[in-house]
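Participant: please find the sequence and the predicted model below.
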Amino acid sequence: MKILVTGGLGFIGSHVVVELQNEGFEVVIIDNLSNSTIDVLKGITDITNMEPIFEKIDLREKGSVKDFFKRHKDINGVVHFAASKAVGESVDKPLVYYENNLNSLIYLLQELQKKESSYFIFSSSCTVYGEADALPITESALVKKAKSPYGNTKQIGEEIIMDTCKVVSGMNAIALRYFNPIGAHNSIKIGELPIGTPQNLVPFITQTAIGKREQLLVFGNDYPTGDGTCIRDYIHVVDLAKAHVMALKRLIQGSNQDNFEVFNIGTGKGSSVLEVIRAFENVSKTKLNYKIVGRREGDVIAAYADTTKANTVLGWKSKLSLKDALSSAWKWELNNS
Ligand code: WQD
């Protein structure tokens, strides 16, 4: 079966392409290379010995999306990653985020709705919960007003898909709400490639440890947590990738109970920033140069997943530990440098 992976040369997308190929799917990647490089295609091929079909397309161009589906009439399964994803940048450039993240989604769905049956996996985020009222966070937790246009595009995106699946017979979708994806494939041929200054904690840690960055700034240690730093659910990107294959198979097999389902994808374990730093120092046998500074605007105190639904309904469970993820992230950084 041929599956379209949009944003398939990105961090999470590339790892999902590998897992789809491992499961026997033929993969077509669309990517506009705005936040990825064509070298990732070689990394994927080196791992699986199967080169995915690649087309450089910008999903904001409605005509290009229509033409793609004319050329690939046999594609009715889509895993959709292509989107802008920097929380801070989205605050400064809301229209860029609304246009890219929502128009791309709408054009894809407009093509899929023409099919007799279609399967759509949406890359969503725990950001939709904001500061959850209870921890761990279940899928029935309140979706709160997004703190950034990026988070809002995920919330609106889910609603667009839900409303479309309600009226388009044969369209089935699953939104996976990721917690914090980190790490790299154990082959060290693909991993996270932040362009410019990393926004996220783990790539900033590895770049500091390797000497690319002077010092890690820890954004606040006056939160109401054990050690005062924020808590997150850091999930190995390979575990996360496997959840996408399970979700797609669930739709193809018709096992889904609703035509739109949501699953939290995390480890179920929270780790503070300082705990991640300690774990990294143990794994890398290096002392990390960091300094505690003021809080970062928009950070929630704590977010980690209740994974009961993913474990029992989707039949997926994370297997890799924080240590495994940090070790692979460090090996990836060493390999890159
Ligand atoms: C984690 C913790 C920071 C950098 C975001 C998006 C989410 C998803 C993942 C896209 C926080 C602290 C970080 C640094 C630090 N992205 N930190 N110094 O903000 O939980 O989630 O990225 O899908 O949607 O919201 O991840 O890695 O930026 O931050 O102290 O240099 O690390 O304050 O407590 P976040 P993060």
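Facilitator: Here it is on my side, so go on. Keep in mind that this is a model prediction, so the values were computed, not measured. Residues are numbered from 1 along each chain as shown.
Participant: and the longest helix seen in the chain with the ligand, contact?
Facilitator: Using DSSP state H to define each element, the chain has its longest helix at helix 149-167. No: applying Cβ under 6 Å from any ligand atom, one finds helix 149-167 out of contact with the ligand, separated by at least 6.8 Å. Using the backbone N, CA and C atoms, a C-beta is placed for each residue, glycine as well.
Participant: can I get that helix in CSV, CA atoms only?
Facilitator: Extracted in CSV, the C-alpha atoms of helix 149-167 (Å, rounded to 0.1, in the frame of the first residue of the first chain):
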residue,chain,number,x,y,z
PRO,A,149,-0.7,30.5,17.1
TYR,A,150,1.3,27.3,16.6
GLY,A,151,-0.7,25.6,19.4
ASN,A,152,-3.9,27.1,17.9
THR,A,153,-3.2,25.6,14.5
LYS,A,154,-3.0,22.2,16.1
GLN,A,155,-6.4,22.8,17.9
ILE,A,156,-8.1,24.2,14.8
GLY,A,157,-6.5,21.4,12.7
GLU,A,158,-8.0,18.7,14.8
GLU,A,159,-11.4,20.4,14.6
ILE,A,160,-11.2,20.8,10.8
ILE,A,161,-10.4,17.0,10.5
MET,A,162,-13.1,16.0,13.0
ASP,A,163,-15.8,18.1,11.2
THR,A,164,-14.7,16.7,7.8
CYS,A,165,-14.7,13.1,8.9
LYS,A,166,-18.2,13.6,10.2
VAL,A,167,-19.6,14.4,6.8
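Participant: quick one: name the residues of the stretch 151-300 of the chain near the ligand.
Facilitator: Neighbours of the ligand within the stretch 151-300 of the chain, by Cβ under 6 Å from any ligand atom: 180, 199-201, 204, 216-219, 230, 232, 273, 296, 299.
Participant: can you tell me the element Ala279 falls in?
Facilitator: For Ala279, the host element (DSSP states H and E) is helix 273-284.
Participant: now do the helices in the stretch 1-150 of the chain.
Facilitator: 11-22, 39-48, 62-71, 87-92, 94-98, 104-112, 149-167 (DSSP state H, counting those that start in this stretch).
Participant: show me what the last one packs onto, helices and strands only.
Facilitator: Right, helix 149-167. If you count contacts as 3 or more Cβ pairs under 8 Å, 6 or more residues apart in numbering; DSSP states H and E, helix 149-167 packs onto helix 87-92, helix 94-98, helix 104-112, strand 118-125, strand 171-178, strand 260-265.
Participant: can you redo those as CSV with mean pLDDT and mean neighbour count?
Facilitator: Output for the helices and strands packed on helix 149-167, formatted as CSV (pLDDT from 0 to 100; neighbours: other Cβ atoms under 10 Å):
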stretch, mean pLDDT, mean neighbour count
helix 87-92, 90, 16
helix 94-98, 97, 16
helix 104-112, 98, 21
strand 118-125, 98, 25
strand 171-178, 98, 24
strand 260-265, 98, 23
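Participant: any stretches of the stretch 201-337 of the chain with poor pLDDT?
Facilitator: Residues of the stretch 201-337 of the chain meeting the criterion pLDDT under 70: none.
Participant: bridged to the residue nearest to Ala310 when sequence neighbours are not counted, which residues?
Facilitator: Closest residue to Ala310 apart from its sequence neighbours, by Cβ to Cβ, 6 or more residues apart in numbering: Phe263 at 4.7 Å. When bridges are called by DSSP bridges, Phe263 pairs up with Leu176.
Participant: spit out the contact partners of Phe263.
Facilitator: Shown in contact with Phe263 (Cβ atoms under 8 Å, 6 or more residues apart in numbering): Glu139, Ile174, Ala175, Leu176, Arg177, Ala243, Ala247, Lys309, Ala310, Val313, Leu314, Trp316.
Participant: which of these sits closest to the ligand?
Facilitator: Arg177 (9.5 Å; Cβ to the nearest ligand atom).
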